[in-house]
Every structure is written in C-alpha cells, then in structure tokens.
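Peer 1: sequence first, then the predicted structure, then my questions.
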Amino acid sequence: METFEVTQLLMAVGSVYQVRVLGSEDVQMTIKGSLMSPSPKFTMVKGADGKEIASLSGNFIKTKFQIRGADKEEMGSLSFPAVAFKKTLVLTAGGRGYTADGGLMGGVFRCIDNEGVVGLEIAKKMGIRDKFEISIKVNLPKEVGILAAVAIHSRFFEMM
C-alpha cells in the first residue's frame, strides 16, 4: 500500500499541486493545470520541473476525465454524473471498474470494485489549502490514484 499527499499551492497562477509521500517533505511530483483552457488539462512532472510522467484531461462540464501516461496511452478514466445529490464517481483502470460515493460533502472517496475490494481511497483534508490523502490499496498505478484526486478536486471543489 502506498500513501501520498496532494496539496494545492496557494497564490499560484493556475492550478498547481505538489505530491509527497505521506510524512515526507520531499516533492515527488508536481501537477500543473493549463491556464485559460475551456476544459481541464493537467500535466504531472517528476519533482518540481522534471520530465512529464502523466496527464489528465477532462471535458468542458467536468463529467469525464482521461488519465494518460507519458507515452500518451490511456491509464485510466473517471466519470462523474452531470447531476447528483451525492458526490459519486466511477474509476476505470487496469481493466477493472471502481465506484465511489463521497456522500454529500465529499470527505472520503473509497473506490470499490464489484467484488467489494477497496482499490483506492481519496480523503479530503480540512485546512486553509485543499489537501488530499491518497491510499493506493491494490496494484493501481500511483499516477492514476493521484490524478483521480486532482479530477475530484476539479469537479467538486474548484469554483472555476
């Protein structure tokens, strides 16, 4: 099991997130959103300014997101309902589907497959900055789990 912390930077131009292994101060990855784009687009790089590792792109209404590796091959996808009373999603990765129900407030998204196995858990932490704790519990690529948290933030918690 791997656990990461994704923190949105304050006062950054555009959406910028830093990724750390939980309990470490070292920035493992940085995720940068495209400024002035009609649909959400994010690039994940190694460290602060390293080479591209993965990308996340969504549609205009933020109901569908695709996660692609550095080779531009699809690693996973997320679907959100256009209208819902609860914050829910469907994650597809590695040939498996996971559903999550974050409830009304969207505190914890526990992605569970059809057999009841928890594959990923994304918990929104309270504080001045938006912060997520991502626990990858099965053999999912860490990029999928981390970028799923960014998609959740973009869909449910960003005002733009």
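Peer 2: Arrived safely. Numbering: from 1, shown residues only.
Peer 1: residue 20 against residue 28, yeah?
Peer 2: Yes - Residue 20 lies in contact with residue 28 (Cβ atoms under 8 Å); the separation is 6.0 Å. Using the backbone N, CA and C atoms, a C-beta is placed for each residue, glycine as well.
Peer 1: and those two? Which one has more around it.
Peer 2: Neighbours of residue 20 and residue 28, each counted by other Cβ atoms under 10 Å, are more numerous for residue 28; the result is 18 against 15.
Peer 1: next, the more buried one: phi, psi?
Peer 2: phi -80, psi -40 (degrees, to the nearest 10).
Peer 1: again with residue 151
Peer 2: Per degrees, to the nearest 10, the backbone of residue 151 is at phi -60, psi -40.
Peer 1: give me the neighbour count for it.
Peer 2: 27.
Peer 1: how close does it sit to residue 87?
Peer 2: 12 Å (Cβ to Cβ, to the nearest Å).
Peer 1: shared neighbours of these two, which are they?
Peer 2: The contact sets of residue 151 and residue 87 do not overlap (Cβ atoms under 8 Å, 6 or more residues apart in numbering).
Peer 1: rewinding a little: residues that sit against both of residue 20 and residue 28, list them.
Peer 2: By Cβ under 8 Å, 6+ apart, the residues touching both residue 20 and residue 28 are residue 4.
Peer 1: in CSV, could you pull the C-alpha coordinates for stretch 67-78?
Peer 2: Extracted as CSV, the C-alpha positions of stretch 67-78 are listed here (Å, rounded to 0.1, in the frame of the first residue of the first chain):
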residue,chain,number,x,y,z
ILE,A,67,-5.5,9.8,-17.4
ARG,A,68,-2.7,9.1,-19.9
GLY,A,69,0.9,8.0,-19.3
ALA,A,70,4.0,9.8,-20.7
ASP,A,71,3.5,7.6,-23.9
LYS,A,72,0.0,9.1,-24.3
GLU,A,73,-1.6,5.6,-23.7
GLU,A,74,-4.7,5.7,-21.6
MET,A,75,-4.0,4.5,-18.0
GLY,A,76,-7.5,5.1,-16.6
SER,A,77,-10.7,7.2,-16.8
LEU,A,78,-13.1,8.8,-14.4
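Peer 1: cool, thanks, signing off.
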